[in-house]
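Trainee: Provide a 3D model corresponding to the input given below.
(2 chains)
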Amino acid sequence: MKKSARIESIMANNVSLQPYKGARDFYPEDKALQKWMFGKWRRVVELYGFVEMDAPILEPTDLYLIKGNQEIIEEQTYTFTDRGDRSVTIRAEMTPSASRMVAGKRQELAYPVRWYSIPNLWRYERMQKGRLREFWQLNVEMYGIESAAAELEMIQIVDDLFQAFKAKRTSYVIKLNSRVLVNEMLKSVGLTGESALAVIRLIDRIKKLSAADFAAQLDAITQSKETSKSIVKLLTVREVSELPDALKSIESAIKLDKLISLSHSLGIRNVEFDITLMRGFDYYTDIVFEAFDTDPENSRAVLGGGRYDGLVGQMGVEPIPTIGFAAGDVVFADFLRTHQLIPEIQLSVEVNVLIREEEAAAAAQKAASELREIGVNVAVDYSGRKIDKQLKAAVKSGVRYVLFVGSEEAVVELYTLKDLKTGKEEKHSLARIVSIVKDSRK
RNA sequence: GCGAUCGUAGUUCAACGGUUAGAACGUCGGGUUGUGGUUCCGAAAACGAGGGUUCGAUUCCCUUCGAUCGCCCCA
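Mentor: Numbering: from 1, shown residues only, chains lettered A, B, ... in the order given. Sure, this is the predicted structure:
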């Protein structure tokens, strides 16, 4: 058999030890951190009755196209043709898959449906802080509730997600807005359709622009200094109550105001109205929200979402009111790091068995087996190195306990257990060792 | 897609248009030390890749790959 030129070239040059661009290798300590973070996410949403679901990592490209934005699909996703000549896309978000699944079983689901997932997603992007090509996302979606009770629950969950990591409320802020309100606001100054959309996209970037640049670009869209002026003035509003009467009396504005005051009364004081909050996609139908790190180090939204009542209906079935949000693992971890909320994380090995001399190998093996039977995670060092080397390696691995097994210990069935955290070591029976290790788990 | 900055042992850094590109920490082996520490001895280990200029390139130039940050976009 002949090797291809490509394989030969790869072998001559060695394969790269780097992970693919924008993707990460998860060494055990990285994976442990991820598991820890996801574990807390799961705990929070499950407390609210959300259940975990999942979907294929590959979907027909069509599924993503129904949302309309063809440009994004073409430029920002991994899309290719499979061997059966079908166009497929690696999932870049979870919402379409979840909507598809809801639509598919819409008659038999128990509403309200509360689903969550932590999928890995792929987007063909240029990297910058908080943005990679492969990332994980906590997706939380509730189907079938039209009232603002759903919005309030989402805000509570968002807050709890931060609270679960002991974040201070001064370190993050939850911003709220309404797309209906924004549309009405633009309509009130005579903007609709394309130009309204253009203004929305411009407002979305307002924090990146100087006041002069913003005004200039706004003028270019509105073609009227008067209109621009009114918009700029409206954008300075900080409270719903400061809006003009015609705007603050619309249903969405009232709902927004109520949501904010209810959140405050629940102790979530860091919820605020932000009329410049837009979110990139156009499918939001009313309330939108985002949570930000108050440290300017992390400028991207930690999470974001809103109400998109139209999405399930786009699968060709009756529409189902839906609200949801997603939190990215990269930005969330950045937030935790910035505020020093990541503790030292233990790997899953609990005991390292060190063998004093070759003759004790069988005894060590037996001790390890007995511990495993009772559910203790045990690794045995078979290297045959001197005991100090074995101990050093154990320390380096981060394991909490080491168990010394030599021929003498094997005879009396008392082993020396050393707690590497406290430095204490004592001789114990295996039964006693099990209870010590289990106690240490808390 | 565009722009800026940057690529030297595992890591953090050094040097240099010209012999074997240095160090620290880390790693591995060994000695001392009762089992992490101390200390001593020894070893492995790098110019991201490909072109070009040059007598000679790790150094200068180009391309490419990668990293970081920003723009665009951000589901």
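Trainee: and the strands in the stretch 251-400 of chain A?
Mentor: Taking DSSP state E, counting those that start in this stretch as the criterion, the stretch 251-400 of chain A contains strands spanning A:271-273, A:287-293, A:303-307, A:322-328, A:351-355, A:378-381.
Trainee: pretty sure A:Met53 sits against A:Ile118.
Mentor: No - using CB atoms under 8 Å, A:Met53 is not in contact with A:Ile118; the gap is 10.4 Å. Backbone N, C-alpha and C define where each C-beta goes, glycine included.
Trainee: phi and psi next, for A:Lys35.
Mentor: Main-chain dihedrals, A:Lys35, degrees, to the nearest 10: phi -60, psi -40.
Trainee: and for whichever residue of chain A sits closest to RNA strand B, nearest residue in space, chain neighbours not counted?
Mentor: Proximity of chain A to RNA strand B (CB to the nearest atom of the strand) peaks at A:Gly280, 2.4 Å away. In space, and not counting its chain neighbours, A:Gly280 is closest to A:Asp204: 6.8 Å by CB to CB, 6 or more residues apart in numbering.
Trainee: if we can go back for a sec, okay if I get the strands of the stretch 251-400 of chain A as TSV plus distance to RNA strand B, mean pLDDT and mean neighbour count?
Mentor: Formatted as TSV, those follow (distance: least, CB to the nearest atom of the strand, whole Å; pLDDT from 0 to 100; neighbours: other CB atoms under 10 Å):
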stretch	distance to RNA strand B	mean pLDDT	mean neighbour count
strand A:271-273	19	97	20
strand A:287-293	9	97	24
strand A:303-307	6	96	24
strand A:322-328	5	97	23
strand A:351-355	9	91	24
strand A:378-381	12	91	18
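Trainee: please report how far the residue nearest to A:Gly280 lies from A:Asp309.
Mentor: Applying CB to CB, to the nearest Å, the value for A:Asp204 to A:Asp309 is 21 Å.
Trainee: so those two - more neighbours on which side?
Mentor: A:Asp309 (17 against 14; other CB atoms under 10 Å).
Trainee: check what pLDDT that one gets.
Mentor: You'll see A:Asp309 listed with a pLDDT of 94.
Trainee: residues in contact with the residue nearest to A:Gly280?
Mentor: A:Asp204 makes contacts with A:Thr276, A:Met278, A:Arg279, A:Gly280, as judged by CB atoms under 8 Å, 6 or more residues apart in numbering.
Trainee: correct me if wrong: A:Ile387 contacts A:Ala360.
Mentor: No - between A:Ile387 and A:Ala360 there is no contact under CB under 8 Å: 10.9 Å.
Trainee: and stretch A:406-426, average pLDDT?
Mentor: Across stretch A:406-426, pLDDT averages out at 86.
Trainee: quick one: buried residues of that stretch?
Mentor: A:Gly406, A:Glu409, A:Ala410, A:Leu414, A:Tyr415, A:Thr416, A:Leu417, A:Lys418, A:Leu420 (16 or more other CB atoms under 10 Å).
Trainee: do the same with stretch A:99-118
Mentor: By neighbour count on 16+ other CB under 10 Å, the buried set for stretch A:99-118 is A:99-103, A:106, A:112-118.
Trainee: among the residues you listed, which are in helices?
Mentor: A:Ser99, A:Arg100, A:Met101, A:Val102, A:Ala103 (DSSP state H).
Trainee: per-residue pLDDT, the last one?
Mentor: What it means is A:Ala103. 96.
Trainee: pull the contacting residues for it.
Mentor: Per CB under 8 Å, 6+ apart, neighbours of A:Ala103: A:Val312, A:Met315, A:Gly316, A:Val317.
Trainee: swap the cut-off to 10 Å and go again
Mentor: A:Tyr143, A:Leu311, A:Val312, A:Gly313, A:Gln314, A:Met315, A:Gly316, A:Val317, A:Glu318, A:Pro319, A:Ile320 (CB atoms under 10 Å, 6 or more residues apart in numbering).
Trainee: of these, buried ones?
Mentor: Judged by 16+ other CB under 10 Å, buried ones among those: A:Tyr143, A:Leu311, A:Val312, A:Gln314, A:Met315, A:Ile320.
Trainee: for the first one, which non-adjacent residue is closest in space?
Mentor: Distances taken as CB to CB, 6+ apart place A:Val113 nearest to A:Tyr143, at 4.1 Å, with adjacent residues excluded.
Trainee: which ones are touching the one you found?
Mentor: Per CB under 10 Å, 6+ apart, neighbours of A:Val113: A:50-51, A:53, A:98, A:101-102, A:105-106, A:141-145, A:320, A:322.
Trainee: residue numbers of the stretch 151-300 of chain A in contact with RNA strand B?
Mentor: Residues of the stretch 151-300 of chain A found near RNA strand B (CB under 7 Å from any atom of the strand) are A:Arg201, A:Asp204, A:Arg205, A:Lys208, A:Arg279, A:Gly280, A:Phe281, A:Ser299, A:Arg300.
Trainee: try 10 Å
Mentor: Neighbours of RNA strand B within the stretch 151-300 of chain A, by CB under 10 Å from any atom of the strand: A:198, A:200-202, A:204-205, A:207-209, A:213, A:217, A:278-284, A:288, A:290, A:296-300.
Trainee: looking at those residues, which are in helices?
Mentor: Members of these lying in helices (criterion: DSSP H): A:Ala198, A:Ile200, A:Arg201, A:Leu202, A:Asp204, A:Asp213, A:Gln217.
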